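>>> for reference, the sequence and a predicted model appear below.
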Amino acid sequence: MWKLARFAATSLARSRRFSTAIPGPCMVHKRGADILHDPWFNKDTGFPLTERDRLGLRGLLPPRVISFEHQYERFMNSYRSLEKNTRGQSDKFISLAKWRILNRLHDRNETLYYRVLIDNIKEFAPIIYTPTVGLVCQNYSGLYRRPRGMYFSAKDKGEMMSMIYNWPANQVDMIVLTDGSRILGLGDLGVQGIGIPIGKLDMYVAAAGMNPQRILPVMLDVGTNNQKLLEDPLYLGVRQPRLEGEEYLAVVDEFMEAVHARWPKAIVQFEDFQMKWAFETLYRYRKKFCMFNDDIQGTAGVALAGLLGTVRAQGRPLSDFVNQKIVVVGAGSAGLGVLKMAVQAVSRMSGCSETAAKSQFYLIDKNGLVTTERSNLDPAAVPFAKHQSDLEGLAEGASIIEVVKKIKPHVLVGLSGVGGIFNEEVLKAMRESVSTKPAIFAMSNPTMNAECTATDAFNHAGENIVFASGSPFENVNLGDGKFGHVNQANNMYLFPGIGLGTLLSGARLITDGMLQEAAECLASYMTEEDIHKGILYPSIDCIRNVTAEVGAAVLRAAVVEGLAEGHGDVGSKELAHMSKEDTVGYVRENMWFPEYSPLVHEK
Ligand SMILES: NC(=O)C1=CN([C@@H]2O[C@H](COP(=O)(O)OP(=O)(O)OC[C@H]3O[C@@H](n4cnc5c(N)ncnc54)[C@H](O)[C@@H]3O)[C@@H](O)[C@H]2O)C=CC1
Ligand SMILES: CC(=O)C(=O)O
Ligand SMILES: [Mg+2]
């Protein structure tokens, strides 16, 4: 357990840039202008003359053939010009302008889009993913130009089994599904939440090499309780309050049945569902379909890896995790998922019961410290409520500052969705932490909703802290040539590997064991040297390497549990015979990489 498995930090993408090897052919059932209007096949000015002849494209394009490298350079030049031309404008204006130029390329030419995304992931992830994707969802109705993904609404009841066949691809491997009810920390955004599945799936392509022809973003529009949206004349969703109870579940049931009738092995990632439905749907489907909830399970693994990193950062053995005092602020799907996995880890490490393992953890929600005194406590939070005997003088509903001052925790985790609640007083109180290297995880998204900024954390809690946030912040200049390192504690380090590992294993379920292996793999990724510098997670530049390792860990766990049925030509026996290194190589080889393939017309 916890072996170090670090890879060279160079991105796979860079080493493969513009290789001269000719990729295998790609079958296309269209001809002429239809191909130019299909972003899966379109090469714009990059179609060679022979292909233009074969596919009926001659005369439909300017005569000069432009190479992929040249097209790439041309796009990056326009992107840089846009950066120059928008200087001085508001951050919102600039972010949306950047998103628009990337989105236009996505709509036009997927190969080029994914190539620039992979090669520039550190720069572009904050645009196609958090934080800009939050802004895009908030402004979606105004930004909308053309559809992407599928929309199933409350009005489609009884029709979904046939609707699913409207999707043009024969095979779908990965679906990200939302009902828009809790988009990042921005609340109920109804149909506008579709931006999240799109952004997550872009990360699947960039980080895991999922084939973009086999992914599907889905919005389950069951209405919205956001009054402002219901009154907005531009709103594109169903104008009704959210379905509740059995009516709601009937829609999700029908969707899940329809998906698996057409694509029995498609993996469904549930994303940004409000807590009650996040837990309910996870328990309802996880033994029946290949699915997981990213906010509960993906976040838990990433947070656990970070929490274990903070133990190593203190120069202590991992076994000391069982003694760490951890305060989690936010008792929603993310906070409770983190607590559940962390408690299981303590119990495993110390050999004690999960009840005993809970004693080091403190949970705070919008009503303060969660204790057994609380009436109307959500059933999912009950296992983590503190008993009277463990309160150490704190009262039910104690505030964050009261808890931090009393407990002096090693780690303060924020998953509340409330920007700035780790205020100056709370951060200063963390200076009294019992840890030699206190850790602050402000994990809420997008940036405005982070519990504190990186600068405030280092300024108020001290230069000695370990800091992580859900959305990216710049490293903090501490003067004298020193910098406070900012980690990005985001489930993007796990969900691509969970999806890819599961796909290649051919497993029909995603078990706790597979998720635990994913978390352990991420936890062991960093070297001692990095960890001592406060670097808990790898740079996003090497996310394909991280995903290859995580994917292999998930695949091997599926083999161990006897769930791996194999994928494509590789059967369960071959998977079982692969060494760890072979498995990583196998996962890596199966990552799709954007290159123009020769197109062959097939009737
Ligand atoms: N970094 C990452 O990878 C991830 C970050 N998140 C972020 O975590 C946040 C929460 O997500 P969920 O748990 O799904 O939301 P949720 O809505 O299920 O839960 C929010 C929780 O915060 C509590 N809360 C609200 N105001 C509070 C206050 N003033 N003080 C203390 N607690 C307060 C609520 O009582 C509730 O328990 C979101 O901003 C989301 O973007 C979620 C998943 C992954
Ligand atoms: C990162 C993520 O999944 C969230 O903020 O909801
Ligand atoms: Mg999420």
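That came through fine. Ligands and ions are numbered 1, 2, ... in the order given.

>>> what residues does the chain have near ligand 1?
182, 184-185, 275, 295, 299, 302, 329-335, 364-366, 415-418, 421, 443-445, 449, 470, 489-491 (CB under 6 Å from any ligand atom). C-beta: built from backbone N, CA, C; applies to glycine.

>>> pLDDT below threshold where in the stretch 201-350 of the chain?
Residue ranges of the stretch 201-350 of the chain with pLDDT under 70: none are present.

>>> all strands for it, in order.
Counting by DSSP state E, counting those that start in this stretch, the stretch 201-350 of the chain has strands at residues 215-221, 267-270, 291-293, 326-329.

>>> mind putting those into JSON lines with distance to ligand 2?
Listed next are the strands of the stretch 201-350 of the chain as JSON lines, based on distance: least, CB to the nearest ligand atom, whole Å:
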{"stretch": "strand 215-221", "distance to ligand 2": "14"}
{"stretch": "strand 267-270", "distance to ligand 2": "10"}
{"stretch": "strand 291-293", "distance to ligand 2": "10"}
{"stretch": "strand 326-329", "distance to ligand 2": "15"}
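
>>> now mean neighbour count too, for those, in CSV please.
Formatted as CSV, the strands of the stretch 201-350 of the chain follow (neighbours: other CB atoms under 10 Å):
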stretch, mean neighbour count
strand 215-221, 24
strand 267-270, 25
strand 291-293, 25
strand 326-329, 26
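
>>> still on that earlier bit, buried ones among the residues of the chain next to ligand 1?
182, 184-185, 275, 295, 299, 302, 329-335, 364-365, 415-418, 421, 443-445, 449, 470, 489-491 (16 or more other CB atoms under 10 Å).

>>> next up, the contacts around whichever residue of the chain sits closest to ligand 2.
Nearest residue of the chain to ligand 2: residue 445, at 3.7 Å (CB to the nearest ligand atom). By CB atoms under 8 Å, 6 or more residues apart in numbering, the contact set of residue 445 is 130-131, 134, 184-185, 470-471, 490.

>>> so which of the strands of the stretch 201-350 of the chain gets nearest residue 495?
For these, the distance to residue 495 is smallest for strand 267-270, at 6.4 Å, taking CB to CB.

>>> near ligand 3 at all, the closest one?
No: for strand 267-270, no contact with ligand 3 is found by CB under 5 Å from the ion; the gap never falls below 9.3 Å.

>>> quick one: contacts of that strand?
With CB under 8 Å, 6+ apart, strand 267-270 has contacts from 173-178, 200, 256, 259, 278, 281-282, 285, 289-295, 495, 499, 502-503, 510.

>>> what pairs with it, parallel or antiparallel?
The pairing partners recorded for strand 267-270 under DSSP bridges are strand 174-178 (parallel), strand 291-293 (parallel).

>>> what angle do the first one and strand 215-221 make?
Our comparison of strand 174-178 with strand 215-221, counting by axes from the mean of the first three to the mean of the last three CA atoms, to 10 degrees, yields an angle of 20 degrees.

>>> now for residue 49, how many residues are close by?
Residues near residue 49, counting by other CB atoms under 10 Å, number 12.

>>> from the contacts of residue 445, which land in helices?
Among the contacts of residue 445, the members falling in helices are residue 134 (criterion: DSSP state H).

>>> okay, the contacts of residue 445 in a markdown table with distance to ligand 3 and pLDDT next?
As requested, the contacts of residue 445 are exported to a markdown table (distance: CB to the ion, whole Å; pLDDT from 0 to 100):
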| residue | distance to ligand 3 | pLDDT |
| --- | --- | --- |
| 130 | 9 | 97 |
| 131 | 13 | 98 |
| 134 | 11 | 98 |
| 184 | 7 | 98 |
| 185 | 10 | 98 |
| 470 | 9 | 98 |
| 471 | 12 | 98 |
| 490 | 9 | 98 |
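
>>> want to throw the contacts of residue 445 into TSV with distance to residue 530?
Formatted as TSV, the contacts of residue 445 follow (distance: CB to CB, whole Å):
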residue	distance to residue 530
130	23
131	25
134	29
184	28
185	29
470	20
471	21
490	18
